[in-house]
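Visitor: generate coordinates for the sequence data below:
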Amino acid sequence: SNLNIFQTAAALEVLHAALGLVSSKVGVTFQQVLSRVMLVWWVIFPFPQVASSAAFTHMVLAWSITEVIRYSWYALKELGGAPHFLTWCRYTLFIVLYPLGVYGELSQNIAAIDEAKALGASKPDDAFTVAATNVYWVLLAVFSLLYIPIFPGLYLHMFSQRKKTLNAKPAAAPQPEVGIQFPKTAKGDRSTTATGQLAFAMSVVGVNPEAAATVIKEKNWRFGYSKHVIQNVEISATDRETCVKVAQAGLDFLHSNFEFIRDGKAYKLREAMQSIKASFPSHTTIEGTGAKGSKLVVPHRPKPYPAKCDLDPLSGDDLKAQLEKWVRVGTIEPSARDAILKVAAGGQYLDLSDRYFVLLGAGAAMGPFEVLLHFGANIIALDLDRKGIWDRLIKTARSSAGTITFPLKSAVGASASDDEIASVAGANLFTQTPEIANWLSQVFPDKELTIGGYAYLDGELHVRVSLAMDAVMEVCCARRQKKPNLAFLCSPTDVFVAPKEAHDAMKANLKTLPLSIKLAGFIKLLSKTMLVPNARKLTKAKDGSDVVVVDGIVIQQGPNYALAKRIQHWRAMLAWSQGHRVSTNIAPSTATLSVVHNKSFAAAYSGFGYFPSMEVSYQETSNSLMGALLIHDIVNPQSKATPTAGNPINIFYPGACHFGVWRCAYKIGSIGEVATILFYLNTYKLALLGLSGLSAAGAWVAVNGLPQ
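Guide: Numbering: from 1, shown residues only. Sure, this is the predicted structure:
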């Protein structure tokens, strides 16, 4: 029938999603298409008589209206834009049509079960028919019960899409092009895809032309970028010389191609940083009056995210016990425990009164601003010229044991209030990049600065702000009398070289999975991207040694995120190879407001704890841990920050607080769906058990009739 033909052809939608031709999720599309294909071939085809019911009409009507609207919407969108009324219909009528379709589908299933039972009963002497019909109706009953956990998720997903689409804000008016901008392509646009793809290709073309060619040939960069990031790290891991060449080439390409626009004139970024000599008219210093901290305290919630409980201030033996526990279960690396315990021991580590730290993005949620001030550090702060930001930073500095120095847009008198100072404080990394670099090249000329990049933004802005911070660092490294140190925060959802022990732990955890994860393993049938083993094939260095590369990429974060982090990694490795001390530490997955406001991410985070070694950190915990590791790296002359003759790719794993990403049985990018399902099943288990009982009772009555 036409229904069989067209509904089977809908399976192409799964292929389109898998190939990246559309942005739909493969798993969601597969679930939506599967039930219909099963209905037409497994239910209606063997028992066409079930199609004579009113429920069949309801089902086909719901399918038809849904698809006519959806495909019309897609077609008009491709031709220039669908009218709002059609968009409203697409994201509203499902509220009625979706349940109507499910009702019809389940009714067909129940009718087919009746037919199968009747067929078996009509041929009691035919053992094959009896066995086949029994297997058939049992499997169909099981398939019908799967609607209970799956339908609510798909239905709620549609409500989420409705809210996102119908409540979308109108596109903002285009902003004037000023400051750091992506380069223009041959088409005249500023394509982030073309530039990002080319940056990865150009970084390796001098050491591995074949790899560069594969990057250029990638047709679906948005969803295919991850393998090229992994390849970039694997190439860099072969030896020191190759690593340095890759980092230098990648940064050279970006600095020579990104533009800096000032007063209508477009410079190449590196040219702008060299030719624009302006600085700030003034700066000021705020001195704190608080008492210097005497011990390291790590606030920690004893119950896993998202449980609500008070913070326990861990120090001394309590802190040591927690660090030992994290090491034992694989949440952090042993080197992280050792470094943090050295800082906790006190002494030189907790007196930062002679240390100077530049914080690019001083107000960032994951920055070390408060931790450093607590121990008396001198901070040179850069952040946006927004009064609210500086009100908070100045207030914090006043009550601390440290100092804060920052540029001003105009000079203020000696008696100026904090409110007046905040009104003229700050600078813009995008548009005042040369001024920031020029000022930092001269401020406190006799001091050794540690310049940290902590500013974070979403999407393509993350690339631009990362490159802005990199341009500032490059200038300071070249101009300052004393070589500055550099500092970075890494995300665990990236690609790193890791210790062999981490690789062994991945394999061990895969063999000892909890029952809940084993039962959830069926989800791998829906998509090859779910529950992918974490332990990858070892990479070979040029000296013949084995190198462990961890793929922590979460595809949804996108190629702009990967490029922004690669800029930071390239600078860290290059500067370290040039004799600069570099602190670059891997921070935990952290439940910051910018992350958990997304309900999908929040649900996935809530389910991470079902996977051995995995834990989600709270911001207070992450800030303290990362602050302690930064202090250790800079104060301890034997820390990993001090350059050696080794491969710079190895500076990332000592002290890693990945919170399980490196030792989990599965890649973090492949556990999100399962983590979400386990969280919801646990949260709503009583309601689901009750619903399952009612559904089972209803199905039994529908098949067998009311008991006499």
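Visitor: as a quick check, tell me the outermost residue of the protein.
Guide: D125 (60.7 Å; Cα atoms, centre = their mean).
Visitor: ok, L563 to R328 distance?
Guide: For L563, the distance to R328 (Cβ to Cβ, to the nearest Å) stands at 36 Å. Where you see a C-beta, it was placed from the backbone N, CA and C, and this is true even at glycine.
Visitor: also K542?
Guide: Applying Cβ to Cβ, the value for K542 to R328 is 35 Å.
Visitor: got it, and G521?
Guide: Using Cβ to Cβ, one obtains 26 Å as the distance from G521 to R328.
Visitor: check H300 too.
Guide: 16 Å.
Visitor: between the two, which one's more packed in?
Guide: More neighbours sit around H300 than around the other of H300 and R328, counting by other Cβ atoms under 10 Å; the figures are 18 against 11.
Visitor: for the more buried one, give me its contacts.
Guide: Residues counted as contacts of H300 (Cβ atoms under 8 Å, 6 or more residues apart in numbering) are 311-312, 314, 322, 618, 621.
Visitor: about what we covered before: could you look up the SS state of the residue farthest from the centre of the chain?
Guide: Recorded secondary structure, D125: coil (DSSP: H, G, I helix; E, B strand; the rest coil).
Visitor: against V548, how distant is it?
Guide: With distances defined as Cβ to Cβ, the gap from D125 to V548 amounts to 64 Å.
Visitor: I'd say L97 and T66 touch.
Guide: Yes - here L97 lies in contact with T66, judged by Cβ atoms under 8 Å, at a distance of 5.2 Å.
Visitor: returning to that earlier point: just the ones of the contacts of H300 in helices?
Guide: Judged by DSSP state H, the subset of the contacts of H300 located in helices is 322, 621.
Visitor: from the contacts of H300, which single one is nearest G672?
Guide: Compare each of the contacts of H300 with G672 using Cβ to Cβ and the shortest gap goes to Y618, at 19.7 Å.
Visitor: and the gap between that closest one and K303?
Guide: Between Y618 and K303 the distance, using Cβ to Cβ, works out to 11 Å.
Visitor: same deal with L61?
Guide: With distances defined as Cβ to Cβ, the gap from L61 to K303 amounts to 49 Å.
Visitor: quick one, strands of the stretch 501-650 of the chain?
Guide: Ranges of strands within the stretch 501-650 of the chain are 539-540, 546-551, 582-586, based on DSSP state E, counting those that start in this stretch.
Visitor: ranges for the helices of the stretch 1-150 of the chain?
Guide: Using DSSP state H, counting those that start in this stretch, the helices of the stretch 1-150 of the chain run over 2-9, 12-18, 26-38, 54-78, 84-90, 94-122, 127-145, 147-166.
Visitor: contacts only, for the residue nearest the centre of the chain.
Guide: Centre of the chain computed as the mean C-alpha position; nearest residue by Cα atoms, centre = their mean is Q557, 4.7 Å away. Contact analysis of Q557 by Cβ under 8 Å, 6+ apart lists T493.
Visitor: what residue ranges in the stretch 501-650 of the chain score low on pLDDT?
Guide: Applying pLDDT under 70 to the stretch 501-650 of the chain flags residues 523-526.
Visitor: quick one, helices of it?
Guide: Ranges of helices within the stretch 501-650 of the chain are 515-519, 558-577, 593-596, 599-607, 619-635, based on DSSP H, counting those that start in this stretch.
Visitor: A416 is nearest to which of the ones you listed?
Guide: Between A416 and the helices of the stretch 501-650 of the chain, the shortest separation by Cβ to Cβ is 30.3 Å, and it involves helix 619-635.
Visitor: mind putting the helices of the stretch 501-650 of the chain into CSV with distance to K295?
Guide: What follows is the helices of the stretch 501-650 of the chain, written out as CSV (distance: least, Cβ to Cβ, whole Å):
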stretch, distance to K295
helix 515-519, 39
helix 558-577, 30
helix 593-596, 28
helix 599-607, 30
helix 619-635, 11
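Visitor: quick check: closest non-adjacent residue to E218.
Guide: Nearest residue to E218, sequence neighbours excluded (Cβ to Cβ, 6 or more residues apart in numbering): G224, at 5.0 Å.
Visitor: and that neighbour, its phi and psi?
Guide: With angles defined as degrees, to the nearest 10, G224 sits at phi -110, psi 10.
Visitor: let me know the pLDDT of it.
Guide: At G224, the predicted lDDT confidence score is 95.
Visitor: Throw the helices of the stretch 1-150 of the chain into TSV and include mean neighbour count, thanks.
Guide: As requested, the helices of the stretch 1-150 of the chain are arranged in TSV below (neighbours: other Cβ atoms under 10 Å):
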stretch	mean neighbour count
helix 2-9	13
helix 12-18	16
helix 26-38	18
helix 54-78	15
helix 84-90	15
helix 94-122	18
helix 127-145	15
helix 147-166	14
